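Trainee: My questions concern the predicted model and sequence given below.
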Amino acid sequence: MICPLVSVIVPSFNQGRFLRATLDSCLSQDYRPIEVRVIDGASTDETLQILHEYDAVPEVRWISEPDHGPVEAVNKGLALARGEIGLIQSADDQSAAGAFRAAVEVLRGAADVGLVYGDVELMDEAGTVTQRLNVGSYSLLGLLARRTWVPQPCAFFRLDRVRRLGGWDERFPYCPDTDLWFRLALSSRGVKLPRVLGRTRVHEGQRDHRTREVCASYARMVRESEPLVQSSRACRRALRAGLEILKVRYNPGLTDWQLCRALWQAGLLHPPLFFSSVLPKHRLVPGYFLLAGRTGALLRWFGLRQRR
């Protein structure tokens, strides 16, 4: 039986210190055939020197030219990719051993599956794994409401479906991957594997630290992404609940009362959140931290709690 080609798209810009580990994590997979397409935005660090080290590796192809950021780079890669199955791997992340084979087995076995993903490990700048995040089981409403999520370095998809959906949407520059997973989930079935498929690197240069931009981009996605806007009422309510959860996660200057209100709104829009660890139950109590602080002070005053 002929194995499908897996195309790995690597958007890159000034991540040369991490790039070699990213490429090697793909090339060391026990699955073939693969191709790795590096789309570099004219980096000024050591990226080009590292890319030239792979000139004799036929599975690695790269271009380096100015672009307008990750969205343009990913869409270039989607257009150039020749495979049947795709993976978008940031230049500072890595694939876990055996990930390609595990994902391909699922996609080959079920034609209605458009997205396969798994758990993810966090690593520091040196590449040391610091934590495993066990992603919740898949459901469409759970994904839209952020009871579960799709880690980008762990997400394998059918390239033809993603091309038909238009790839990453430039209107949502800080959550284009999430928008794509949502649109893909609305048009095909998703499968979550109970194993680690990738590792993501935590460092100061990540765009996730720009919390206001992330929240603004996400809110625009909920309002303007056509397949999301045209989805069922239950899906739209789950999307709005997920937006409230995102506000709490990134907390862009919200007060304690505003955070409490956001969580109640999320739970009322999508009640299963009340039974999920995603929703911190203590934050449902208005003024929880103020009340906890005053209660602690009283207990210490009466000698019922030891002073630190």
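Mentor: Perfect, I can see it now.

Trainee: Go through stretch 16-32 and flag the buried ones.
Mentor: Neighbour counts over stretch 16-32 (16 or more other Cβ atoms under 10 Å) mark 16, 18-23, 25-26, 29, 31 as buried. To be clear about C-beta, it is placed using only N, CA and C from the backbone, and glycine gets the same treatment.

Trainee: swap in stretch 164-174?
Mentor: 165, 167-169, 172-174.

Trainee: got the contact list for that stretch?
Mentor: Outside stretch 164-174, the residues that touch it by Cβ atoms under 8 Å, 6 or more residues apart in numbering are 68-72, 74-75, 78, 176-180, 183-184, 187, 207, 210, 213-214, 216-218, 220-221, 224-225, 227.

Trainee: Over to stretch 214-228?
Mentor: With contacts defined as Cβ under 8 Å, 6+ apart, stretch 214-228 is touched by 165, 169, 171-175, 178-179, 182-183, 186-187, 207-208, 229, 235-236, 239-240, 242-243, 246-247, 250, 252.

Trainee: Please list only the buried members of the residues you listed.
Mentor: Buried among the contacts of stretch 214-228 (16+ other Cβ under 10 Å): 165, 169, 172-175, 178-179, 182-183, 186, 235-236, 239-240, 242-243, 246-247, 250.

Trainee: thinking again about what came up before, give me the subset of the buried residues of stretch 164-174 lying in helices.
Mentor: If you go by DSSP state H, the buried residues of stretch 164-174 have Leu165 in helices.

Trainee: Looking at the buried residues of stretch 164-174, spot the one nearest Gln131.
Mentor: Using Cβ to Cβ, Tyr174 is the member of the buried residues of stretch 164-174 that sits closest to Gln131, with 23.2 Å.

Trainee: what pLDDT does that closest one get?
Mentor: Looking at Tyr174, its pLDDT stands at 95.

Trainee: now the one 3 residues further on
Mentor: Turning to Asp177, the model gives it a pLDDT of 97.

Trainee: and what of Gln206?
Mentor: 60.

Trainee: Likewise for His282?
Mentor: We note a pLDDT of 80 for His282 in this prediction.

Trainee: what sits against Ile34?
Mentor: Ile34 sits next to 5-8, 26-27, 59, 83, 100 when contact means Cβ under 8 Å, 6+ apart.

Trainee: from those, which ones fall inside helices?
Mentor: Among the contacts of Ile34, DSSP H puts 26-27, 100 in helices.

Trainee: My understanding was that Leu246 contacts Leu144; is that so?
Mentor: No - Leu246 is beyond contact range of Leu144, at 11.7 Å (criterion: Cβ atoms under 8 Å).

Trainee: Dihedrals phi and psi, Phe13?
Mentor: Main-chain torsions, Phe13, degrees, to the nearest 10: phi -160, psi 110.

Trainee: Touching, it and Ile39? I think so.
Mentor: No - under the criterion of Cβ under 8 Å, Phe13 is not in contact with Ile39, lying 9.4 Å apart.

Trainee: Identify the contacts common to those two.
Mentor: Ala73.

Trainee: who has more neighbours, these two?
Mentor: Using other Cβ atoms under 10 Å, the more surrounded residue of Phe13 and Ile39 is Ile39, with 26 against 20.

Trainee: what's near enough to touch that one?
Mentor: 9-12, 62-63, 67, 73-74, 76-77, 80.

Trainee: same question, Pro33
Mentor: 3, 5-6, 59.

Trainee: Tell me where the stretch 1-150 of the chain has strands.
Mentor: For the stretch 1-150 of the chain, applying DSSP state E, counting those that start in this stretch gives strands covering 6-12, 34-40, 60-64, 85-88, 94-95, 113-123, 129-133.

Trainee: Could you point out which of the ones you listed sits nearest Arg158?
Mentor: Arg158 lies closest, by Cβ to Cβ, to one member of those: strand 113-123, at 5.2 Å.

Trainee: Mind giving me the packing neighbours of the closest one?
Mentor: helix 99-109, strand 129-133, strand 156-158, helix 176-187, strand 189-201 (3 or more Cβ pairs under 8 Å, 6 or more residues apart in numbering; DSSP states H and E).

Trainee: Can I get the first one in PDB, CA atoms only?
Mentor: In PDB, the C-alpha atoms belonging to helix 99-109 read as follows (Å, rounded to 0.1, in the frame of the first residue of the first chain):
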ATOM      1  CA  ALA A  99       3.900  11.400  15.600                       C
ATOM      2  CA  PHE A 100       3.700  11.300  11.800                       C
ATOM      3  CA  ARG A 101       3.000   7.500  11.700                       C
ATOM      4  CA  ALA A 102       0.300   7.800  14.400                       C
ATOM      5  CA  ALA A 103      -1.500  10.600  12.700                       C
ATOM      6  CA  VAL A 104      -1.300   9.100   9.200                       C
ATOM      7  CA  GLU A 105      -2.800   5.800  10.500                       C
ATOM      8  CA  VAL A 106      -5.900   7.600  11.600                       C
ATOM      9  CA  LEU A 107      -6.300   9.700   8.500                       C
ATOM     10  CA  ARG A 108      -5.800   6.700   6.200                       C
ATOM     11  CA  GLY A 109      -8.400   4.700   8.100                       C
END
